[in-house]
Structure formats: structure tokens, C-alpha cells
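Next input, structure requested:
(one chain, ligands or ions: 1)
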Amino acid sequence: MSDTVLDRAAAPRPTPKPGILDIACYVPGKSKVEGIAHPLKLSANENVLGCSPAAKDAFAGAVDQLHMYPDGRTTILRTAIAEKHGLAPEQLIFGCGSDEIFQLLNQAFLEPGDNIVQGEFGFGAYAIGARACGAQVKLAKEIDHRIDVEALLEQVDARTRLVFVANPGNPTGTWITGQEVRRLHAGLPASVILVLDGAYAEFVADPRFEDGMSMVAEFENVVVTRTFSKLHGLAALRVGWAYMPAPIADALDRIRLPFNVNIPAQLAGVAALGDEDFQARSLALIEQWRPWLTQQLGGIGLDPAPSAANFVLVGFPKTPGKTAREAEAYLASKGIIVRGVGGYGLPDHLRITIGLEAHNRAVAEALAAFMKS
Ligand SMILES: *Cc1c(COP(=O)(O)O)cnc(C)c1O
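Next up, the predicted model:
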């Protein structure tokens, strides 16, 4: 009997492809504490200033267009970003968050048996999409929670298709210089795409940092992703974008969902991009309080990683009573939610989003009391 003949009685129940059920679900930062009505949420690197008032107005102005399909080319936002950053509009791809763009890259380039390479504490979203394609995820050791170019290159083999580097990294907050990024790129075969995830790029002030946009023009295998979720405070609207060589953009355009960025998101994105005052205020807040919080945490015997992003990763002792897990519970009892990062292989660390002055003081005070108790 041919195996194309269907034996209805013997057919098993629907089964996902091999590997799908081995994928662990993404665990987002907590947002609730039992018994506390309005906890302070410092667990998701959101913008504590909210978003641009102009973006809110634009969002509200979309209310009469809810029956309409959005422009599938995201033209207004494409034009605004191309102008602001001096980029070729046709080399931009938009997504439902930059998360969707990682997914599209994985889908377009990975076959079963291929692999992606990332740092050992690399962002979780890259791996989920890669595994869904039957690909392996190879992790490179980091040094002091910072990307090590040589270690990444050592992991690259004949089946590597993509190397993902968040710069600055999440959950580490650390970053590598433009020189290091270029050394990494120079060590990759031309067939491997270097994905530079710039979710926190706007927060870096050091002149040795390079966001990678000019590398997209120079090379055929560099993709830079950005998001409206962090600096612009539009995480709820899910807008991300990426700049890439035209042939890669052409491939992604063929498989993305036709209307993947909705109308309110496109309008609010354009308004946010134009609100330089809100961006400046957001950056100033981080620049003021990131060094302060880092210093306070170090001062009470904790081990903060030097961050260039809008959060700080901090290491705790393994001593019972002083562990990261206990600190997380203690902060929660005070109504402060931070991010446990055990899922990232960092069980002795917590990730804390920089807040308003009162928030940062509350965190520092609570942790000082915790360490003394
Ligand atoms: C927050 C974040 C993003 C952005 O994700 P969106 O899907 O655009 O909200 C991307 N990469 C890293 C490392 C992040 O932390």
C-alpha cells in the first residue's frame, strides 16, 4: 500500500514538528505583586516617562481609521526614518516589534541543521525563532558579562547562518566598540549575516560606539535592528524596524505578514520620531540616574555591570539571606518589581530598569536595608 493512502483510523493526533515542544516559552518580566495595587514596575526596560505627548495625540487621531487596513509598506514611517537617519528607504523592513524581524531573518535563512551564534547571555527572542526552524543555538562565552569577539568567532562553523549581537546587550547592559564589531564582521564568512540589535543603541553616548548603519552600506551581510519600544516608550504598539542590504530586504518582504504594522502604530511612530524634546528628556534621565544607581549598588557590596542601556544588571552574593532570588522577593514585598534573570543563566543577578528619581532612591534604599538585615 502506498504511504500516500490515508488510513483515517490509524492517524495519530496532530503533532508539532520535531523540536517545537522542546522550546521553552519566553518568560516576560513580572508586572504584578500579590496584594499591592500599583507596584513600581522596573522589570521590562520600559520608558518610565511614558511616551511623547505627540505620539499619544497621533494614536488618538487614528480612532476614525480602525476599519481600514494599514499601508502594507509602512510608507509614512519609512519616509520619516529614512530622512532622520539618512538611509535608503527601500532597504528598511518593519515589524511587529523588532522581535518579528528576528523571526523573519531566522525563517528566511535557517534550514534544519543550521545554527545561529550568540553570546551566552544573549537576548532570548533570537533562539526561539531559530529553534522553530529546526536550527541549533550556539552560545559563546562572555567575559565579565560582555561579548567576546574571539569566542563568538570560534563558535561559527559551516552551518552558521546568523550571528546575533545586541549592542548594548540585554540583560547585561554592556557593549562592544565599533572596532570590535568590525573585527567580528571581518572574521565571518560572507555567507553569515551579522545582526546588530540596537534596541538600546540610542542610550550609548561613548564615541567609540558604532550603531552599524554605515556597515550596512559597506557590506552585504550586516543587518541593524531598532525599536520604538525603549527610548520612544511605545512598547505597547509593537513597532520595530531594520536596515539591511537590498537582497535581504527583498527576501524578508516576501514572507512577512502583509499588514504587520497597524495604523495607530505607524502614526504614533512618526510623531515619536519627531519629538526630539521627549527623546532628550528620556536620555537625560538615564544619563543622570544610571551612574548614580550603579554607584549606590556597588556601595552596598553588590556587583553592578557597567551599563550603557536604560537598566543595570547587578550581581548578588551566594550567601543565604543575601541572594538575588531573596532580594527579588524582598523588593516585591516593598512593591518594587525587578527582573530575575535565572532564565538567562544568571541566577545570581537581577536586572533593574532605571526609574524616576524617587524610584531609583526607593530601589537603592530597599536594597541597602536588604543587605544590612
Ligand atoms: C526590548 C528589546 C528588543 C525590542 O523588542 P521589540 O520587539 O521591538 O519590542 C530587542 N532586542 C533587545 C535586546 C531588547 O531588549
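
Now for the closest residue to the ligand within the stretch 1-150 of the chain: which residues touch it?
Of the residues in the stretch 1-150 of the chain, the one nearest the ligand is G97, at a distance of 2.4 Å by Cβ to the nearest ligand atom. C-betas here are computed from N, CA, C, even on glycine. Residues in contact with G97, defined by Cβ atoms under 8 Å, 6 or more residues apart in numbering, are T227, S229, R238, V239, G240.

Let's see which of those end up in strands.
When strands are assigned by DSSP state E, the members of the contacts of G97 inside them are T227, V239, G240.

What are the boundaries of the strands in the stretch 251-373 of the chain?
Using DSSP state E, counting those that start in this stretch, the strands of the stretch 251-373 of the chain run over 303-304, 311-315, 336-337, 339-341, 346-353.

Return the distance of the last one from the chain's centre.
Using Cα atoms, centre = their mean, to the nearest Å, the distance from the centre of strand 346-353 to the centre of the chain it belongs to is 16 Å.

quick one: it near the ligand?
No. Against the ligand, strand 346-353 shows no contacts by Cβ under 6 Å from any ligand atom, the least distance being 9.9 Å.

got the buried residues for that strand?
Residues L346, H349, L350, R351, I352, T353 are the ones in strand 346-353 that count as buried (16 or more other Cβ atoms under 10 Å).

if I look at the fifth one, how far off is N260?
Here the distance between I352 and N260 works out to 32 Å (Cβ to Cβ, to the nearest Å).

next one: the third one
L350 sits 34 Å away from N260, going by Cβ to Cβ.

Do a quick rundown of the helices in the protein.
Using DSSP state H, the helices of the chain run over 53-61, 75-85, 97-109, 124-132, 149-155, 178-186, 213-218, 246-255, 263-274, 276-299, 324-333, 357-372.

what does the protein have sitting close to the ligand?
When proximity is defined as Cβ under 6 Å from any ligand atom, the chain approaches the ligand at 45, 97-99, 123, 166, 170, 197, 199, 227, 229-230, 235, 240.

go with 5 Å
G97, S98, D99, F123, A166, N170, D197, A199, T227, S229, G240 (Cβ under 5 Å from any ligand atom).

List phi and psi for the most centrally placed residue in the chain.
Nearest to the geometric centre of the chain sits A199, at 5.3 Å (Cα atoms, centre = their mean). Dihedral angles phi and psi of A199 (degrees, to the nearest 10) take the values phi -60, psi -30.

What residues does the residue nearest to it when sequence neighbours are not counted make contact with?
In space, and not counting its chain neighbours, A199 is closest to T227: 4.9 Å by Cβ to Cβ, 6 or more residues apart in numbering. Going by Cβ under 8 Å, 6+ apart, T227 touches G97, S98, A199, V239, G240, W241.

The last one contacts F94, doesn't it?
It stands for W241. Yes. If you go by Cβ atoms under 8 Å, W241 and F94 touch, sitting 5.0 Å apart.

shared neighbours of the two, anything?
Counting by Cβ under 8 Å, 6+ apart, the contacts common to W241 and F94 are L77.

give me the residue from the stretch 251-373 of the chain nearest the ligand.
Here the residue of the stretch 251-373 of the chain nearest the ligand is A309; by Cβ to the nearest ligand atom that distance is 8.1 Å.

Give me the phi and psi for the nearest residue to that residue once chain neighbours are set aside.
Using Cβ to Cβ, 6+ apart and skipping residues adjacent in sequence, the residue nearest A309 is Y200, 3.8 Å away. Main-chain dihedrals, Y200, degrees, to the nearest 10: phi -120, psi 10.

low pLDDT regions in the stretch 51-200 of the chain?
Along the stretch 51-200 of the chain, segments meeting pLDDT under 70 are nowhere present.

quick check: domain ranges of this structure?
Following automatic domain parsing, the chain resolves into domains at 28-50+277-372, 53-274.

Tell me which of the ones you listed lies nearest to G19.
Closest to G19 of the domains of the chain is domain 53-274 (Cβ to Cβ; 5.5 Å).

now do the same end-to-end measure for that closest one.
Taking Cα to Cα, to the nearest Å, domain 53-274 runs 11 Å from one end to the other.

centre of the chain versus it, how much separation?
Centroid separation for domain 53-274 versus its chain: 9 Å, with Cα atoms, centre = their mean.

repeat for stretch 349-362
Using Cα atoms, centre = their mean, the offset of stretch 349-362 from its chain centre is 19 Å.

related to what we said a few turns ago, save the strands of the stretch 251-373 of the chain as a markdown table, and put in mean pLDDT too.
Output for the strands of the stretch 251-373 of the chain, formatted as a markdown table (pLDDT from 0 to 100):
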| stretch | mean pLDDT |
| --- | --- |
| strand 303-304 | 98 |
| strand 311-315 | 98 |
| strand 336-337 | 97 |
| strand 339-341 | 96 |
| strand 346-353 | 98 |
